[in-house]
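> A predicted structure for the sequence below; I have some questions about it.
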Amino acid sequence: MTISATAIAFFAEFKPARALRWIFAAAVFAAMAAPGAADARIARVGAYDGVWNVVFATQRGNCSSTNSVPFTVFGRRVSSAGGGKVTGGIGRGGAVSVRISVGLSVASGTGRLVGNSGAGRWAGIISGDRCSGTWQAARG
């Protein structure tokens, strides 16, 4: 194997500080070239972040009269804080929309969060019965 004079000259002039600057510049350029990828890695703290205890009250249908479920809010996403599959989101003004599924039971809800509390309406099919009602939430 032979090494060219150009490669030897390159490594002879190698300076760690210069290499680090070059690597940093390449990383900045890559982040600017793909801002969506860089933004996806940055966690955004939201005004509603935390664990929320949500109490569902049934007004129509043959479902349990009240049920309490914890949700987690991070940024603009709502997820389960224990049991069931919860998906949803929160708008800038606190408007919230969620979908909950546990086994064959499915419900959707909408409402609004303000400060450390919230309220809204829900509807779904719980254990085969069509039900609907209201919900109230408190953070913490």
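It's in.

> ok, which stretches of the protein are helices?
Using DSSP state H, the helices of the chain run over 5-12, 16-33, 35-41.

> okay, now stretch 96-113: how far is its last residue from its first?
By C-alpha to C-alpha, to the nearest Å, the extent of stretch 96-113 from end to end equals 7 Å.

> low-scoring pLDDT stretches of the chain, where are they?
1-45 (pLDDT under 70).

> now do 50
1, 4-12, 14, 16-43 (pLDDT under 50).

> the strands in it, which residues?
50-60, 66-74, 77-80, 85-90, 95-102, 105-114, 117-126, 129-139 (DSSP state E).

> now tabulate the ones you listed in JSON lines and tack on mean neighbour count.
For the C-beta atoms, the positions are set from N, CA and C on the backbone; glycine is no exception. As requested, those are arranged in JSON lines below (neighbours: other C-beta atoms under 10 Å):
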{"stretch": "strand 50-60", "mean neighbour count": "16"}
{"stretch": "strand 66-74", "mean neighbour count": "16"}
{"stretch": "strand 77-80", "mean neighbour count": "17"}
{"stretch": "strand 85-90", "mean neighbour count": "17"}
{"stretch": "strand 95-102", "mean neighbour count": "18"}
{"stretch": "strand 105-114", "mean neighbour count": "17"}
{"stretch": "strand 117-126", "mean neighbour count": "17"}
{"stretch": "strand 129-139", "mean neighbour count": "17"}
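
> who's in contact with the closest residue to R130 other than its chain neighbours?
Counting by C-beta to C-beta, 6 or more residues apart in numbering, R130 lies nearest to G61, which is 5.5 Å off, once chain neighbours are set aside. Residues in contact with G61, defined by C-beta atoms under 8 Å, 6 or more residues apart in numbering, are 126, 129-133.
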